[in-house]
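> For reference, the sequence and a predicted model appear below.
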Amino acid sequence: MKTRSKEILARLRALRAGDAPTHGGRVLSYVYDSGVAELDELAAQAAREVHAVNGLDPTVFPSAGVIESELVQFARTLFHGDGSVVGNVTTGGTESCILAVLGARDAASGTAGSSKAGSIVFPITAHAAFRKAAHLLGLEAIVVPVDPVSGLPSPHGVADAVRDDTVLVVASAPSYPFATLDPIADIAAITSDRGIAFHVDACIGGFALPWWGELPAWDFAVPGVTSISADLHKYGYAPKGASVLLVRGRDRHRHQYFGTTDWPGYPVVNPTLLGSRSITSMAAAWAIVTYLGEAGFAELTGRMHDSTTALIAAVRAIPGLRVVGAPAGPLLAVAADADAPEPVDPHLWLNAVARRGFSLQAQPSLQQPDGTTLPRTTHLTVTPATAVVQGELVAALVSAADEVRGLAPAEPPAALAELARLFGDGVLTPEQAVSLPSEDIYSALQAAGVTGDGELDMASILAGVELLPRDVSARMLIEFLARVIEK
């Protein structure tokens, strides 16, 4: 038995060898490395203690209820909530956002599981989870454009987008694409006047902004804010997946619950989308929060603040690049400086940085509903571990820009450009394309060389995303990821 166990673990380690490094500060997306090895070991031990616990019923496993309650209390205090603010721990930001929309929808209708049509309003920079929520819950997503330079939505634009059937307005603290802190107080004034729920998505910033320095009020200190989401598995440094959703008002909160006694089994009451749920990540988050406390979070955030400030200054000093807007929190987006004599394409820059040992994240350009275009950008997520490699990273950013400065922007694979021509000529419609069989979609991916075999040229792939109708590129990416798993 021991030999077999060793073989299995050896196989797992071999598989992990092909992954991007989760520690060390070289991957500036997806991972949130505290840089404190003791926290990793504490989290692993806490998860081990509860690995068999089912969070479905805290009356059977009281530890689950205590752990969840203490995390909610910590977040409530941090986000200036009073005794009326209650909530739950979820599996991640997407679940928190979906539950926020679900609760607002049903609170607006006064019934659970309402099928009444409605809408939610959010800036185009709001996380895609809100589009997913609208899709799942039968609501119309009304998207508000943002300023292409600052990345900020206009409060007037939000006000104009609100309709009689709007059940929720969403803003970000900060937005993921551009790290902009939306005008929370101004939007809250609009929603309060109209009696509409207002959700602040602080999934990425929630456990960093409280220690970031002077910022406009963005949490429950703003009277019109009715709910907040914040991810414990981001700057709470917990393993995936743990997030917290807080709601102002018990009556509003209860609308996110599902409960039934109308079947012959045990009574089912779920505060989240899951029934049975592991509490391993929740327990790990609880252990880390208990260990760090506010003082520990402040220290780690201070490291990120220094690194972020240094990186912003370094990018602003690179000819041909610009930082989008005024980042709030430990993240930033970098675009080409169109006014420079020789702009630097951010996606070619990303590829060049990757050749120097650092992984950044490409974001495509996007035409907004008002006809303006948001630039293609490269996203950097900063963690406490960034400080360890900061000098090397800055040198990589500078030399990579020197390598690609003046080069033509990244182009899509020829096969995708030809596919785009078919749409332009009217030979093929987006509706026809997305309804094609999986094999036909995969054939197009193979023709473009986008199969997951070998290294992917993200600059070229993102150029294809920009060129194709967005529904088509989304369908192709679905096929791509499905094939990765099916291999």
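Yep, that arrived.
> If we ignore the residues flanking it in sequence, what's nearest residue 458?
In space, and not counting its chain neighbours, residue 458 is closest to residue 362: 4.8 Å by Cβ to Cβ, 6 or more residues apart in numbering. In short, each C-beta sits where N, CA and C put it, glycine included.
> For that neighbour, give me its contacts.
346-347, 350, 376-379, 458-459, 462 (Cβ atoms under 8 Å, 6 or more residues apart in numbering).
> do that again at 6 Å, thanks
For residue 362, the contact set (Cβ atoms under 6 Å, 6 or more residues apart in numbering) comprises 347, 350, 458, 462.
> now the strands for the stretch 301-450 of the chain?
In the stretch 301-450 of the chain, the segments counted as strands under DSSP state E, counting those that start in this stretch are 321-323, 331-336, 361-363, 366-367, 373-374, 377-381.
> Checking my notes, residue 235 in a helix, right?
No - counting by DSSP: H, G, I helix; E, B strand; the rest coil, residue 235 is located in no helix; its state is coil.
> just to revisit the earlier point, could you measure the residue nearest to residue 458 against residue 181, distance?
Residue 362 is 23 Å from residue 181, where distance means Cβ to Cβ, to the nearest Å.
> Over to residue 33?
For residue 33, the distance to residue 181 - Cβ to Cβ - is 24 Å.
> Helix or strand for residue 168, just tell me which one.
Here residue 168, judged by DSSP states H and E, is contained in strand 166-172.
> Can I get stretch 183-194 as PDB, trimmed to CA atoms?
Provided in PDB are the C-alpha atoms of stretch 183-194 (Å, rounded to 0.1, in the frame of the first residue of the first chain):
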ATOM      1  CA  PRO A 183     -17.200  56.000  -8.200                       C
ATOM      2  CA  ILE A 184     -19.000  54.000  -5.400                       C
ATOM      3  CA  ALA A 185     -20.500  56.900  -3.500                       C
ATOM      4  CA  ASP A 186     -21.900  58.600  -6.600                       C
ATOM      5  CA  ILE A 187     -23.500  55.300  -7.800                       C
ATOM      6  CA  ALA A 188     -24.900  54.600  -4.400                       C
ATOM      7  CA  ALA A 189     -26.600  57.900  -4.400                       C
ATOM      8  CA  ILE A 190     -28.300  56.900  -7.700                       C
ATOM      9  CA  THR A 191     -29.400  53.500  -6.500                       C
ATOM     10  CA  SER A 192     -30.600  54.800  -3.100                       C
ATOM     11  CA  ASP A 193     -32.800  57.400  -4.700                       C
ATOM     12  CA  ARG A 194     -34.500  54.700  -6.800                       C
END
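> related to what we said a few turns ago, let me have the strands of the stretch 301-450 of the chain in JSON lines, extended by distance to residue 406 and mean pLDDT.
Below are those laid out as JSON lines (distance: least, Cβ to Cβ, whole Å; pLDDT from 0 to 100):
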{"stretch": "strand 321-323", "distance to residue 406": "13", "mean pLDDT": "97"}
{"stretch": "strand 331-336", "distance to residue 406": "11", "mean pLDDT": "97"}
{"stretch": "strand 361-363", "distance to residue 406": "20", "mean pLDDT": "96"}
{"stretch": "strand 366-367", "distance to residue 406": "25", "mean pLDDT": "95"}
{"stretch": "strand 373-374", "distance to residue 406": "22", "mean pLDDT": "96"}
{"stretch": "strand 377-381", "distance to residue 406": "17", "mean pLDDT": "97"}
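> where does residue 277 fall, phi/psi-wise?
Dihedral angles of residue 277 (phi, psi; degrees, to the nearest 10) stand at phi -150, psi 140.
> show me what contacts it?
Contacts of residue 277 by Cβ under 6 Å, 6+ apart are residue 55.
> do the same with residue 459
By Cβ under 6 Å, 6+ apart, the neighbours of residue 459 are 347-348, 351, 410.
> what pLDDT, on average, does the helix or strand containing it get?
Per DSSP H and E: residue 459 is located in helix 458-467. Mean pLDDT, computed over helix 458-467, is 88.
> buried residues in the helix or strand just after it?
The C-terminal neighbour of helix 458-467 among helices and strands, as given by DSSP H and E, is helix 470-486. Residues 472-473, 475-476, 479-480, 483 are the ones in helix 470-486 that count as buried (16 or more other Cβ atoms under 10 Å).
> Tabulate these (JSON lines), appending pLDDT and distance to residue 62.
Compiled in JSON lines, these are given as follows (pLDDT from 0 to 100; distance: Cβ to Cβ, whole Å):
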{"residue": "472", "pLDDT": "91", "distance to residue 62": "51"}
{"residue": "473", "pLDDT": "91", "distance to residue 62": "48"}
{"residue": "475", "pLDDT": "92", "distance to residue 62": "46"}
{"residue": "476", "pLDDT": "89", "distance to residue 62": "48"}
{"residue": "479", "pLDDT": "91", "distance to residue 62": "46"}
{"residue": "480", "pLDDT": "89", "distance to residue 62": "45"}
{"residue": "483", "pLDDT": "88", "distance to residue 62": "45"}
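> Can you tell me which of these lies closest to residue 220?
Using Cβ to Cβ, residue 473 is the member of the buried residues of helix 470-486 that sits closest to residue 220, with 38.3 Å.
> Spatially, which residue comes closest to the closest one, not counting chain neighbours?
According to Cβ to Cβ, 6+ apart, the nearest residue to residue 473 is residue 465 (4.4 Å).
> Using the record's domain definitions, break the chain down for me.
44-288, 294-404, 414-486 (automatic domain parsing).
> among the ones you listed, which is nearest residue 18?
domain 414-486 (11.9 Å).
> still on that earlier bit, so can I have CSV of the contacts of residue 362 showing neighbour count?
What follows is these, written out as CSV (neighbours: other Cβ atoms under 10 Å):
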residue, neighbour count
347, 28
350, 27
458, 18
462, 22
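> Widest-spaced pair of the residues you listed?
Among the contacts of residue 362, 350 and 462 lie farthest apart (Cβ to Cβ), at 8.9 Å.
> ok so, going back, other residues contacting the strand holding residue 168?
For strand 166-172, using Cβ under 6 Å, 6+ apart, the contacting residues are 101, 104-105, 108, 118-122, 126, 130, 182, 184, 187, 191, 196-201.
> ok, and for the next helix or strand after that strand, which residues are buried?
Going down the chain from strand 166-172, the next helix or strand is helix 184-194, by DSSP H and E. Buried residues in helix 184-194, counted by 16+ other Cβ under 10 Å: 184-191.
> Many thanks, have a good one.
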